[in-house]
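J.: whatever this is, show me its structure:
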Amino acid sequence: MIKIDTSRADYLKAIYSCMEKEGSASNKRITDLLEVSPSSVTEMIRRLVEAGDVYLDKKEIYLTEQGMVEVKEILTKHRLWEIFLVRYLNYSWYEVHEEADALEHATSDRLKDRLNELLNHPEHCPHGSEIFENHKHKDKLRLLSDLKPGDETSVHRVADDKELLEYLEKRHIGIDKKIMVLGIDEYDGSMTVWCDEEEVVLAKKATTKIMVL
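T.: A predicted model of the protein is given here:
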């Protein structure tokens, strides 16, 4: 019998996401991400500390080595399902997150291994994030927003954000797309890039969520 503990997994993923973006997590940040009450966050963090998955440094929250191993296992299952849904069931990259969220909780290690084999041990999910089991070293990336006119690069990873993914799909911007920065608007920070033989204007909000090589 597979034990499904969605809240625990969701908290670990939220803490990992905060650490990846900001170095650490906080009660308020987790509250905002998961849309739960501050008291619920406090209680779950207490339980995770007791379990040895997280530790506190003043008000900052960090995953322990044990917690990091667990969250990477959860994210590996999640990202493998995202690939499966896109490759075999014709889902768009902006449709897969919620489905993969549900599937990850019901995925045993044995099923994960079979799924990984079926997919031929991919290194990245449809959004460019690492499949940890198959990609041991973290990609060295930079934000598209940090580039300057004349720079050429390729899209490697984008935030798993439905609104952003729909926005990029309409502009034909996707993983591995080659782009060249043509200009940056001084007023609003929007960026004009050359991609697929056409000029594309990207809002600054989008360029800060796109990672390039």
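J.: packing partners of the helix or strand of the chain with the lowest mean pLDDT?
T.: Least confident helix or strand, the chain: helix 6-22 with a mean of 91, by mean pLDDT, DSSP states H and E. Packing contacts for helix 6-22, counted by 3 or more Cβ pairs under 8 Å, 6 or more residues apart in numbering; DSSP states H and E, involve helix 27-34, helix 38-51, strand 60-63, helix 65-89, helix 96-105. All C-beta spots, glycine's among them, are computed from the backbone N, C-alpha and C.
J.: need the contact partners of that helix.
T.: 24-26, 29-30, 33-34, 41, 44-45, 48, 53-54, 61-63, 67-68, 70-71, 74-75, 78, 104-105 (Cβ atoms under 8 Å, 6 or more residues apart in numbering).
J.: which pLDDT value does the model give residue 1?
T.: Predicted confidence (pLDDT) for residue 1: 38.
J.: so the closest residue to residue 165 other than its chain neighbours versus residue 126, what's the distance?
T.: Excluding the flanking residues, the one nearest residue 165 by Cβ to Cβ, 6 or more residues apart in numbering is residue 94, at 3.5 Å. Plainly put, residue 94 is 9 Å away from residue 126 if you go by Cβ to Cβ, to the nearest Å.
J.: out of the helices and strands packed on helix 6-22, which gets nearest to residue 130?
T.: helix 65-89 (8.0 Å; Cβ to Cβ).
J.: and the angle from the closest one to helix 38-51?
T.: 110 degrees (axes from the mean of the first three to the mean of the last three Cα atoms, to 10 degrees).
J.: now do helix 65-89: which elements does it pack against?
T.: With contacts taken as 3+ Cβ pairs under 8 Å, 6+ apart, helix 65-89 sits against helix 6-22, helix 96-105, helix 109-118.
J.: now the longest one: buried residues?
T.: Same thing as helix 6-22. Buried residues in helix 6-22, counting neighbours by 16 or more other Cβ atoms under 10 Å, are found at 8, 9, 10, 11, 12, 13, 14, 15, 16, 17, 18, 19.
J.: including distance to residue 84, could those residues go into CSV?
T.: CSV is the format used below for these (distance: Cβ to Cβ, whole Å):
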residue, distance to residue 84
8, 24
9, 19
10, 21
11, 25
12, 22
13, 19
14, 24
15, 26
16, 22
17, 22
18, 27
19, 27
